[in-house]
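Participant: Below is the sequence, then the predicted model.
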Amino acid sequence: MLSTDITEIIAGCKRRRPASQKELVRRFAGSLLSVATRYAKVKSEAEDILQDSFVLIFKKFDQFDPEKGTLNAWMRRIVIHTALAQQRKFRYTHEIAVDTLPDTPDLALDVYAKMQYDDLMQRIDALPDGLREVFNLAVFDDFSHDEISVALGIPAGTSRSWLSRARKLLQQQILNLQSHELAGI
Amino acid sequence: MNWPEFENEMKHTVNAHETPIDSDALWEKIREKRRKRALIWFWSAALAVVCSGLLWHQVGNRGLLQHEQSTENPPAHTPVRTLEPEIKLKENTTQQTPAPVATHFSPSTINGTISTTSDQKSRRFKENINLESPANEPTHLPIPPHIQTNTQTPLPQLEIKEAITTAGAPDTLTQFAQTPPAAPTVPIVVKTDTLAVFVDKTVSCLPVPLRLLPVPEKTLQLPEKQPNFATIPDANPKKIHSYHPSIGFVAGYYRWNSVGTAIPALDSMSRGLETVQGTFQLSLPISSKWTLMTGISYAKTSSLLTWVRTWEAWQPKIIKKYYGNGTISNDLDSALYGIRREIRHYNYWRQIGIPLGLQYRFKVAKVYLAPMAGLQFNFLLPAKGVANNAEYDLDPAVFSAAYQRKWLLQAQAGVEFGWPFGKNWTAVVGPHLQFDCTPRTTKDAQSSERFLQYGIQFGVRYNLVFK
């Protein structure tokens, strides 16, 4: 089944064949877990989101239309919405003070080069919940502010504001990293 | 590298990343989760089915109880109904035991016998012993002639136990018991005392000779369905709401507290508003509280047009003047008088209305509160009346025919006293209060304003019992 074409997997999943569903899980679990991890606090929560997402994916597979987009994008959306649904109980009520943040800085290339995926995610995870989710949705998942507004139940203006604050916080962290690099720490 | 470029790099890195995961373990967890959810759905569905069954059973019992109530207090001239034998034996059983009438004596024949009389308590007996076995093919057994001949004979009030102990009649039930039905049956040991107590409770004045009620002291093979002893009426049976649709005619006299403002000079008409209304009602209960109401009503509403008209008038006045020479002069003068006159006039409107609404009825004893929502279709009949004008004078007013559809949002309250008569008739009377809180949608008079009616209504109602 390793060489199975994606169209065959899709056809099999539409017929609810377990073999095709298992192959789908095998192929896409890693990338979808990455998506879930970005929205979850801990790994176990991400895995739980992923399981729920796959249950939903198999249930709603009839609704997938290849002409409207790729299977990966469709499943990522489901994972994101499942994660947001789980996060919805924890509404963000706190505001972040970012008055003293600097404007857009120039970043040294080597800073980015030295940043691994885990370093990057560590810094993104350090963002407050609301800002992190808006940043994830807007930057990595190409959600518009209107879509974010609907997904998170916040006004579009708030979404813009939170994205701006998330960026500034992230920039500050990277500038700190850059200054540490320059200082040879 | 500026920030947008940095974000793009981040995006590529993040989206290209795949977190390592054991897909087989994940697949098993997904399957387990789906299985659990399927189980949850299954048990939820099973629970729903069980609850529905219990509800259905409850409703069925209510129907039985209600039927018993109606047979407990039947009207005096209720016609005798032909009662079906309550125990139905399998056909093969009866074929095996054809023969003399006496050998066919069974509880079903008891019921058949009792059905031939109009005695109230015997009917009750029929209703209570319900040993029906619907799965079996019904076989109507003949009624023993010696019972039939005695049905018209008034019998003394005897205790069943005594009758049983002194019974010298043929042990026909025993014979019945010796030829059990071939169908799957449940053996029920009917003890003499048990049956006697049961019969004591329900039939203390059987119109049949009590010596014809032998009770076997041995195992009696009865059809699988056991007697429904729950149908024995209590001393104080629980009151059950009627679910039968009913039709009725209700007439009422109501007074209003306000009326619409579209009719000219209604400021002067806000007193003396009265309505006499007759309504044919059709009530379709859809539950114990909810009722679909419709019908057709004819209402004649009158309003008292009254005001005081005042005006001034000059009246000639002759003033006599006496002069010294004895001359008397009659001078003509005029005097101003104020004239005050109260004008009273009743205007009438007639209206045919067809309400269609859903009513929820709270009822405690005789008092009810019934909010109702729906639609009302009104046909305003032409009318002539008078109206005052700015000059405080009477003008003829013509009210043309009109059709009007309005929302119905009402709250009714009152006390309803009912007296059943006949088979399904009930006479009702009681004070009635009706508050119309429909939002104003048109400028038509009468029915477009919020109003409060209060009065007394009376009428008759007929319960439609469909078998």
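Facilitator: Great, that's in hand.
Participant: Next up, the contacts around B:Tyr323.
Facilitator: Counting by C-beta atoms under 8 Å, 6 or more residues apart in numbering or on different chains, B:Tyr323 touches B:Ser329. Using the backbone N, CA and C atoms, a C-beta is placed for each residue, glycine as well.
Participant: buried set for stretch A:159-174?
Facilitator: Neighbour counts using 16 or more other C-beta atoms under 10 Å in any protein chain shown place A:159, A:161-163, A:165-172, A:174 of stretch A:159-174 among the buried residues.
Participant: wait, does it make contact with chain B?
Facilitator: Yes - counting by C-beta under 8 Å from any C-beta of the partner chain, chain B is contacted by stretch A:159-174 at A:167, A:171, A:174.
Participant: Tabulate those residues in JSON lines, adding columns for distance to B:Phe435, secondary structure and pLDDT.
Facilitator: Output for the residues of stretch A:159-174 next to chain B, formatted as JSON lines (distance: C-beta to C-beta, whole Å; DSSP: H, G, I helix; E, B strand; the rest coil; pLDDT from 0 to 100):
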{"residue": "A:Arg167", "distance to B:Phe435": "61", "secondary structure": "helix", "pLDDT": "88"}
{"residue": "A:Gln171", "distance to B:Phe435": "67", "secondary structure": "helix", "pLDDT": "84"}
{"residue": "A:Ile174", "distance to B:Phe435": "70", "secondary structure": "helix", "pLDDT": "79"}
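Participant: Can you classify the residue of chain A at minimum distance from chain B as helix, strand or coil?
Facilitator: Residue of chain A nearest chain B, by C-beta to the nearest C-beta: A:Gly30 (3.3 Å). Under the three-state scheme (DSSP: H, G, I helix; E, B strand; the rest coil), A:Gly30 adopts helix.
Participant: and it, what is it in contact with?
Facilitator: B:18-21.
Participant: Kindly report the same for B:Ile30.
Facilitator: Counting by C-beta under 8 Å, 6+ apart, B:Ile30 touches A:25, A:51, A:54-55, A:58.
Participant: how about 10 Å then?
Facilitator: Contact partners of B:Ile30, counting by C-beta atoms under 10 Å, 6 or more residues apart in numbering or on different chains, are A:21-22, A:25, A:29, A:50-55, A:57-58, B:23.
Participant: Parallel or antiparallel, list what pairs with the helix or strand hosting B:Lys363.
Facilitator: Using DSSP states H and E, B:Lys363 maps to strand B:362-364. Take DSSP bridges as the rule and strand B:362-364 pairs in its sheet with strand B:367-381 (antiparallel).
Participant: Identify each buried residue in the strand it pairs with, please.
Facilitator: Using 16+ other C-beta under 10 Å as the test for burial, strand B:367-381 gives B:368, B:370-372, B:374, B:376, B:378, B:380.
Participant: ok, back up a step: any idea whether the residue nearest to the residue of chain A closest to chain B when sequence neighbours are not counted is helix, strand or coil?
Facilitator: Counting by C-beta to C-beta, 6 or more residues apart in numbering or on different chains, B:Glu18 is the residue found nearest to A:Gly30 once chain neighbours are left out, at 3.3 Å. For B:Glu18, the assignment made with three-state DSSP gives coil.
Participant: tell me which helix or strand of chain A sits lowest on mean pLDDT?
Facilitator: Here the helix or strand of chain A ranked lowest by mean pLDDT, DSSP states H and E is helix A:109-114, holding a mean of 60.
Participant: still on that earlier bit, would you write a ChimeraX line that selects the buried entries of the contacts of A:Gly30?
Facilitator: Here is the ChimeraX command that picks out the buried ones among the contacts of A:Gly30, judged by 16+ other C-beta under 10 Å:
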select /B:19,21
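Participant: Show me which of the contacts of A:Gly30 is closest to B:Leu292.
Facilitator: Of all the contacts of A:Gly30, B:Ile21 has the smallest distance to B:Leu292: 59.0 Å, by C-beta to C-beta.
Participant: what's the distance between the closest one and A:Ser34?
Facilitator: Distance of B:Ile21 to A:Ser34, computed by C-beta to C-beta, to the nearest Å: 10 Å.
Participant: shared neighbours, those two?
Facilitator: Contact criterion C-beta under 10 Å, 6+ apart; residues shared by B:Ile21 and A:Ser34: A:46, A:50.
Participant: Can you pull out the low-pLDDT segments for the chain?
Facilitator: Assuming you mean chain A. Residue ranges of chain A with pLDDT under 70: A:1-4, A:88-114, A:181-185.
Participant: Sorry, I should have been clearer: chain B.
Facilitator: Chain B contains residues with pLDDT under 70 at B:1, B:57-243, B:256-272, B:306-309, B:311, B:386-397, B:438-451, B:465-467.
Participant: Would you mind listing what in it touches chain A?
Facilitator: Chain B comes close to chain A at residues B:1-34, B:36-37, as judged by C-beta under 10 Å from any C-beta of the partner chain.
Participant: cutoff 7 Å now
Facilitator: Taking C-beta under 7 Å from any C-beta of the partner chain, the part of chain B that reaches chain A is made up of B:1-3, B:6-7, B:9-11, B:13-15, B:17-21, B:23, B:26-27, B:29-30, B:33-34.
Participant: So which of these belong to strands?
Facilitator: Judged by DSSP state E, strands contain none of the residues of chain B next to chain A.
Participant: are any of these buried, and which?
Facilitator: Taking 16+ other C-beta under 10 Å as the criterion, what is buried in these is B:3, B:6-7, B:9-10, B:13-15, B:17, B:19, B:21, B:23, B:26-27, B:29-30, B:34.
Participant: Out of these, which sit inside helices?
Facilitator: B:3, B:6-7, B:9-10, B:13-15, B:23, B:26-27, B:29-30, B:34 (DSSP state H).
Participant: thinking B:Leu273 is in contact with B:Tyr254, fair?
Facilitator: No - the criterion here is C-beta atoms under 7 Å, and B:Leu273 misses it with B:Tyr254 at 8.8 Å.
Participant: which residues are in contact with stretch B:42-52?
Facilitator: Residues from elsewhere that reach stretch B:42-52, judged by C-beta atoms under 7 Å, 6 or more residues apart in numbering or on different chains: none at all.
Participant: partner residues bridging the residue of the stretch 251-400 of chain B found nearest chain A?
Facilitator: At 33.7 Å from chain A, B:Ala373 is the closest residue in the stretch 251-400 of chain B, using C-beta to the nearest C-beta. Note on B:Ala373: beta-bridge partners B:Leu358, B:Leu409, judged by DSSP bridges.
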